[in-house]
Structures are given as C-alpha cells and as structure tokens.
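Asks: The sequence isn't on hand, but the structure is:
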C-alpha cells in the first residue's frame, strides 16, 4: 500500500502524511513540483524524525510517477468529487492512494488516470477535510481491509507515547 501526493503545496501536511506512512508502514510517493522546498523547516517540524523512517520516493513529475506504476497497482483517487464512499470500496494491498493539492485538488487529467475515485462522507454544507486527515482515514481503512495494519504491542509492553504515537 502506498500514498501518493500530487504536487503537494503545504509542507506541514506533507510532513504529517510522511509520519503517517512511516507509522503505518505505507510507502509515500511525492509527485513534484512541490509548492515548497523539500527540506522546508515546516515539513521537518511536522514530520519530526519520522521523515527518516518513511519510505519516500520523489518523482520529478506526473509522467515519471506514472511510469513507475505496474499491475497489480491501482490508482485510487481520494476526492470530494467522487460518488463512492471509501467504506464501500474494496481495497487491494497494491493500491496507491492518490491525494491532490489542498488548494486545487487533482486536475482532470489525473482524475482520468485513476482506476477508482472515493470520498470521505461529510455532513452537508461542508467542503472538505484537511488532506492529511483524509489520508489517515482512508489509509487506515485500506490497511484494515487488506490485513496490513501494524500489530499492537503485546499486552504489558511499555507505551511509546500518547495514543501509541
């Protein structure tokens, strides 16, 4: 399971998603150009020391990213424009969860390349979730469905931090 960020433009969200990917054991693809320098202080602050533990692959552009995809990988776009809720979708272990920019989402050409599009249901009148929150919600469900969630520490093991983080 991988998470792909299409031209991310907010370093704090990218750092938070890198931390999420490291903690849950998912790969992270960064499709450039980014709206910030990859070594940005805000990215490092949000990612903490998890950036070093995340399996991050950077791609110079959309075409370079697409060239790395091979069956059985499927691109699953997380988008407010989707009709299907993520809870109704059957994820596969090789899926790549694709998220767009906070400020612009995914362009039509990228939407067209997706094998499926899913959304996180929300109350009427509300536009969207933070991209890192959406990634966390859907990645956790995809890993749960495919048996890829990390195991809990054995009973009696010392806690590693607040809520295991």
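Replies: In hand now; what should we look at? For clarity, every value in this text was computed on a predicted model and none was experimentally measured.

Asks: contacts, neighbours, all on C-alpha from now
Replies: OK.

Asks: where along this protein do the helices fall?
Replies: Taking DSSP state H to define them, one finds helices in the chain at 11-24, 41-47, 62-68, 108-113, 131-146.

Asks: okay, now residue 69: neighbour count?
Replies: By other CA atoms under 10 Å, 12 other residues sit near residue 69.

Asks: And the helices of the chain, which one averages the lowest pLDDT?
Replies: Per-stretch mean pLDDT for the helices of the chain is lowest at helix 41-47 (a mean of 58).

Asks: where's the nearest residue to residue 20 once chain neighbours are set aside relative to residue 89, distance?
Replies: Of all residues not flanking residue 20 in the chain, residue 136 sits nearest, at 6.9 Å (CA to CA, 6 or more residues apart in numbering). With distances taken as CA to CA, to the nearest Å, residue 136 is found 16 Å from residue 89.

Asks: what's around the residue nearest to residue 119 when sequence neighbours are not counted, how many residues?
Replies: Counting by CA to CA, 6+ apart, residue 85 is the residue found nearest to residue 119 once chain neighbours are left out, at 4.9 Å. Neighbourhood size, residue 85 [other CA under 10 Å]: 17.

Asks: Cool, thanks, talk later.
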